[in-house]
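1. kindly return the folded structure for what I paste below:
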Amino acid sequence: MRVALFQPDIPQNVAAVARLSACFGVPLDVIGPEGFVWDDKRLKRVGMDYLEHAEIVRHASWRAFLDARGGARLVLLTTRGATPLPGFAFAADDILLFGRESAGVPDAVHDAADARVVVPMRAVARSLNLAQTAAIALAEGLRQTHGFPAP
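-> This next block holds a predicted model:
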């Protein structure tokens, strides 16, 4: 399983997801261009020393990511998802894709996804934080596929 962030806006979210990736041994793909300058100062505060243990692959563009993707299924987590998370069956080699905090993903990226999954929540809430959503979805995917690392 992998996590992919599409053109993220907030370095603290990228760092939090990188820390999540490091803790679970799941590679992180960051699809550019990012909405911030990629440097230690912006990432280190949240990512701390976990960043050195994360496998982070940066892709210059959506096209570059697609070229490197291989045959893995692309699972987009989106508020416009058709399938609620509890009813979705994950595969061990899925790529969990998350959109830009400020705008989600463009229609072309939405259409390229093999599945569109939504984390159910109360109607009064607009959305969860990107890193929280990544943690919820990744944990469910790892639970289903028995992919959690050994203690």
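2. just confirm R116 is within a helix.
-> No: R116 sits outside any helix when classified using DSSP: H, G, I helix; E, B strand; the rest coil, being strand.
3. mind checking how far it is from L5?
-> 17 Å (Cβ to Cβ, to the nearest Å). For glycine as for every other residue, the C-beta is placed from the backbone atoms N, C-alpha and C.
4. these two: which is more packed in?
-> Taking other Cβ atoms under 10 Å, R116 and L5 do not tie; L5 has more neighbours (26 against 19).
5. in its sheet, what does the helix or strand harbouring the more buried one sit against?
-> Using DSSP states H and E, the element containing L5 is strand 2-6. Partners of strand 2-6 in the sheet, by DSSP bridges, are strand 28-31 (parallel), strand 95-98 (parallel).
6. what's the spacing between that strand and its chain's center?
-> 4 Å (Cα atoms, centre = their mean, to the nearest Å).
7. quick check: buried residues in whichever helix or strand comes after it?
-> Next in sequence after strand 2-6, counting helices and strands by DSSP H and E, comes helix 11-24. Going by neighbour count (16 or more other Cβ atoms under 10 Å), the buried part of helix 11-24 is 11-22, 24.
8. what does stretch 56-68 rub up against?
-> Residues from elsewhere that reach stretch 56-68, judged by Cβ atoms under 8 Å, 6 or more residues apart in numbering: 4, 6, 18, 21, 27-33, 38, 108-109, 112.
9. since that was my last question, I'll sign off now.
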